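In: sequence and predicted structure are below.
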Amino acid sequence: MMNKVVIFGVGLIGGSFARALKHAGAVNTVVGMGRSQASLVRALELGIIDQIGGDMAQALNGADLVLLAAPVAQTGAILALLAPHLQAATVVTDAGSTKSDVVAAARVALKDKVAQFVPGHPIAGRETNGPDAAIVDLYQGKKVVLTPLAENTAADVETVAGAWRACGAVLHALSPEEHDRVFAAVSHLPHLLAFALVDDIANKPHAGLLFQYAASGFRDFTRIAGSSPEMWRDISLANQPALLAELDAYLAQLSTLRAHLAAHDGRAIEAVYANAQQARQQWIEAIETAEPPAPKS
C-alpha cells in the first residue's frame, strides 16, 4: 500500500496507471500534475486523481512514487523541476517508450539523486488520448519493461515493480540500450511506416477516392497512425540511431522486393511472403501458448 502517488500526465498511460492502482487498493491518494489544466480538471471529475498538484514541494511532500507519463522530450525538464523537492524516500519512474535518452536526461537533471530514478516502459496503449481514454485494465497481463540503473537499490526497483504488478502487469528487465534496439524494430519502425503510408495517400490528388475504397486490411495496417503525433515525433527523435538502423534495413528489404517485382520473379516474392507468414504464425502461437513469465524486479 502506497500512501501517495504523483503522476505527471493524466491521460491514457498515467490515468490508466492511477485507475488500476486505485482499483487494486494499492494507493490512498493520487496527485495529478501536467501542462493542461483542463485535463487535470477532467481527471479529477472522473475520479482518476484525488488532487490537482500546484506547488511542486507540496505535491511531492510524502510521496512514495512519482510516475512521469508525459512525452519523452519533456522528461529532463520535469525531472529538473522536481529534483530540488525530491525527498529521500520517494522513488521516481517513467513510462517513456525510449530509455537511453531518458536515462541521460535523468543523470543531468537529478545528479546525485539519480539512484531514486528507476526507468520503465509499459508495453500497452491505444490510439486514444486524454483522461477519458484511461481504463482500469489497460495493463492487465501486459508487459512492463524496467531498465534499472546500477545505482538503484533493490528496494526502490521493487517499489516500481510492485506498483506495476498491482496494475496486473508482467515485469521484464532489459538494459536501456537493449530496450531501444528491440523497440526500434517492433514498435517505433511500424509506427513510422503507418504514419508514412497514410500521409502518402492523403497527399495524392485522388486521396478521396483511395480512402473510399480502403477496407479492413488498410485499417488494420494503419491503426497505429491514429496515435499522438507529438508523442511519436519525440520517440522517433529520441531513438534516432536505432530507428535509422532499422529503417535502413527495411529499405534494403523493400529494394530487394522491388527488384523481384521488376523481374517478375514470382518464386522469390512468394518465398519472402511465405517466410513472413510462417514467422508471424509462430509468433502468434507462442503468444497464445506461453505461460506468463515470472515477474522480475
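Out: Thanks, I have it. Residues are numbered from 1 along each chain as shown.

In: the stretch 101-250 of the chain: helices as residue ranges?
Out: Chain-ordered helices for the stretch 101-250 of the chain, with DSSP state H, counting those that start in this stretch as the definition, fall at 154-166, 176-183, 189-202, 207-213, 216-222, 229-238, 240-262.

In: okay if I get those helices as JSON lines plus mean pLDDT, distance to residue 61 and mean neighbour count?
Out: Where you see a C-beta, it was placed from the backbone N, CA and C, and this is true even at glycine. Rendered in JSON lines, the data for these read as follows (pLDDT from 0 to 100; distance: least, C-beta to C-beta, whole Å; neighbours: other C-beta atoms under 10 Å):
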{"stretch": "helix 154-166", "mean pLDDT": "98", "distance to residue 61": "18", "mean neighbour count": "19"}
{"stretch": "helix 176-183", "mean pLDDT": "97", "distance to residue 61": "30", "mean neighbour count": "19"}
{"stretch": "helix 189-202", "mean pLDDT": "97", "distance to residue 61": "38", "mean neighbour count": "16"}
{"stretch": "helix 207-213", "mean pLDDT": "97", "distance to residue 61": "52", "mean neighbour count": "10"}
{"stretch": "helix 216-222", "mean pLDDT": "95", "distance to residue 61": "46", "mean neighbour count": "12"}
{"stretch": "helix 229-238", "mean pLDDT": "92", "distance to residue 61": "30", "mean neighbour count": "18"}
{"stretch": "helix 240-262", "mean pLDDT": "98", "distance to residue 61": "38", "mean neighbour count": "13"}
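
In: so can I have a markdown table of those helices showing distance to residue 87?
Out: As requested, these are exported to a markdown table (distance: least, C-beta to C-beta, whole Å):
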| stretch | distance to residue 87 |
| --- | --- |
| helix 154-166 | 13 |
| helix 176-183 | 25 |
| helix 189-202 | 37 |
| helix 207-213 | 53 |
| helix 216-222 | 45 |
| helix 229-238 | 28 |
| helix 240-262 | 35 |
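
In: closest one to residue 139 among these?
Out: Comparing the helices of the stretch 101-250 of the chain by their distance to residue 139 (C-beta to C-beta), the top pick is helix 154-166, with 6.9 Å.

In: other SSEs contacting the closest one?
Out: Using 3 or more C-beta pairs under 8 Å, 6 or more residues apart in numbering; DSSP states H and E as the contact criterion, the neighbours of helix 154-166 among helices and strands are helix 12-23, strand 65-68, strand 91-94, strand 117-118, strand 120-122, strand 143-146, strand 170-173.

In: show me what the second one is packed up against.
Out: Contact analysis of strand 65-68 by 3+ C-beta pairs under 8 Å, 6+ apart lists strand 2-8, helix 75-82, strand 91-94, helix 154-166 as its packing neighbours.

In: where does this protein dip in pLDDT?
Out: Within the chain, the segments meeting pLDDT under 70 span 290-297.

In: quick check, central residue of it?
Out: By C-alpha atoms, centre = their mean, the mean C-alpha position of the chain lies nearest to residue 97, the distance being 4.0 Å.

In: distance check, that residue against residue 286.
Out: Using C-beta to C-beta, to the nearest Å, one obtains 23 Å as the distance from residue 97 to residue 286.

In: do residue 120 as well
Out: 24 Å.

In: check residue 42 too.
Out: When distances are taken as C-beta to C-beta, residue 42 and residue 286 turn out to be 40 Å apart.

In: between these two, who's got more neighbours?
Out: Neighbours of residue 42 and residue 286, each counted by other C-beta atoms under 10 Å, are more numerous for residue 42; the result is 20 against 9.

In: in which helix or strand does the more buried one reside?
Out: If you go by DSSP states H and E, residue 42 is part of helix 37-45.

In: pull the CA atoms of that helix into CSV?
Out: Extracted as CSV, the C-alpha positions of helix 37-45 are listed here (Å, rounded to 0.1, in the frame of the first residue of the first chain):
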residue,chain,number,x,y,z
GLN,A,37,-5.4,22.4,-16.5
ALA,A,38,-8.4,21.2,-18.5
SER,A,39,-7.0,17.6,-18.5
LEU,A,40,-6.3,17.8,-14.8
VAL,A,41,-9.8,19.0,-14.0
ARG,A,42,-11.3,16.3,-16.2
ALA,A,43,-9.2,13.6,-14.4
LEU,A,44,-10.4,14.9,-11.1
GLU,A,45,-14.0,14.8,-12.3
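
In: which helices and strands does the helix or strand just after that helix pack with?
Out: Past helix 37-45, further along toward the C-terminus, the next helix or strand under DSSP H and E is strand 51-52. Here strand 51-52 touches strand 27-33, helix 37-45, going by 3+ C-beta pairs under 8 Å, 6+ apart.
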